[in-house]
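any chance you can model this:
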Amino acid sequence: MGVVDVNQEEYNMSQKNAQCRLCRRSGKKLYLKGERCNTSKCALVKRNYAPGLHGQKLAGGRVSDYGKQLREKQSAKVRYNLTEKQFKGYFDKAVNHKDETGQVFFGLLETRLDNVMYRAGLGLSIKHARQLVNHAHFTVNGKKVNIPSYKLKVNDVVGIRPSSLKNNAFTDLKERMKNREVSDWIFYDEKESTVKVTQLPDIKKISTDFDMKSIIEFYSR
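Residues are numbered from 1 along each chain as shown. Got it, this is the predicted structure:
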């Protein structure tokens, strides 16, 4: 029985630190734990090298072009909390679009409902935002939507369902939003607690956690 307890404890600890390992492997903050990532508790602050037995020895080592492209792709995929199939699916849509691939790809990723809720500050992290969407806490133009991949369009308004306002996830919303920087392509109405998409996100104007060019090169090999 004791062995089972120890193994379960190790498993729980492993799950807890899994997101931090993803950031350390990518070599950059992906903000998977929300505000914690801006504190001294961030794993990259404590151990700024890849996880694993030889992670520290490999730090600063030469990485091939393919390795760099793979790392950027993995970083973006983790940042949006998507599977490889989902992520590649968005890329395929972007490639088949008449407009510039990088901009279209970025727009498809950014305008997902879960990502907009994270960008607006209603979700503490992308994972948390997705949970809120899955639990049907939001409406889009007055209609309940619980699909994280729902694509928002310009002038779409996302609101918090009245029955959800008393949920623990929103009780500190007013205080939390005081110090939250909202992306310039979305508008947060403090009085109504709503989020409006005012324009499409422009990859040239937004600081990203990954290199889009490398990702396109990776899938174009």
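
what about the strands in the chain?
Counting by DSSP state E, the segments of the chain that form strands are 138-140, 143-144, 157-160, 186-189, 194-197.

so how far is the second one off the chain centroid?
What it means is strand 143-144. Computed by CA atoms, centre = their mean, to the nearest Å, the separation of strand 143-144 from the middle of its chain amounts to 23 Å.

now residue 80: closest residue in space that isn't a chain neighbour?
residue 109 (5.3 Å; CB to CB, 6 or more residues apart in numbering). In short, each C-beta sits where N, CA and C put it, glycine included.

then residue 156?
residue 197 is the one closest to residue 156 (CB to CB, 6+ apart), at 5.0 Å.

what's around the one you found, how many residues?
Residue 197 is flanked by 22 other residues according to other CB atoms under 10 Å.

okay, now the unreliable bits of this structure?
Under the criterion pLDDT under 70, the flagged ranges of the chain are 1-61.

domains of it?
The chain resolves into domains spanning 1-62, 64-111+205-221, 116-197 when parsed by automatic domain parsing.

gap between the two ends of the last one?
The distance separating the two terminal residues of domain 116-197, taken as CA to CA, to the nearest Å, comes to 9 Å.

now residue 147: how far from residue 69?
Note on residue 147: its distance to residue 69, by CB to CB, to the nearest Å, is 31 Å.

these two: which is more packed in?
For residue 147 versus residue 69, neighbours defined as other CB under 10 Å are more numerous around residue 69 (21 against 13).

what residues are up against the spatially closest residue to the more buried one that is not a sequence neighbour?
The spatial neighbour of residue 69 that comes closest, neighbours along the chain excluded (CB to CB, 6+ apart), is residue 218 at 3.8 Å. In this structure, residue 218 makes contact with 66, 69-70, 72-73, judged by CB atoms under 8 Å, 6 or more residues apart in numbering.

cool, and residue 185?
Contact partners of residue 185, counting by CB under 8 Å, 6+ apart, are 197-202, 206.

can you tell me which of those residues is nearest residue 100?
Each of the contacts of residue 185 was checked against residue 100 using CB to CB; the closest is residue 202, at 11.0 Å.

next, count neighbours for that closest one.
The burial count assigned to residue 202 is 13, neighbours taken as other CB under 10 Å.

for residue 203, grab the count of nearby residues.
Applying other CB under 10 Å, we find 17 other residues in the vicinity of residue 203.

against residue 200, how distant is the closest residue in space to it that isn't next to it in sequence?
Sequence neighbours aside, residue 106 is the residue nearest to residue 203 in space, at 4.2 Å (criterion: CB to CB, 6+ apart). For residue 106, the distance to residue 200 (CB to CB) stands at 9 Å.

the two: which is more packed in?
When neighbours are counted by other CB under 10 Å, residue 106 comes out ahead of the other of residue 106 and residue 200, with 24 against 15.

now do the contacts for that one.
Here residue 106 is in contact with 201, 203, 206, 208, 212 (CB under 8 Å, 6+ apart).

tell me the contacts of the last one?
Under the criterion of CB under 8 Å, 6+ apart, the neighbours of residue 212 are 76, 102, 105-106, 203.

repeat for the third one
The neighbours of residue 206, taking CB under 8 Å, 6+ apart as the test, are 106, 110, 183, 185.

these: which two are farthest apart?
Pairwise distances across those (CB to CB) peak at 12.3 Å, for the pair 106 and 183.

lovely, talk soon.
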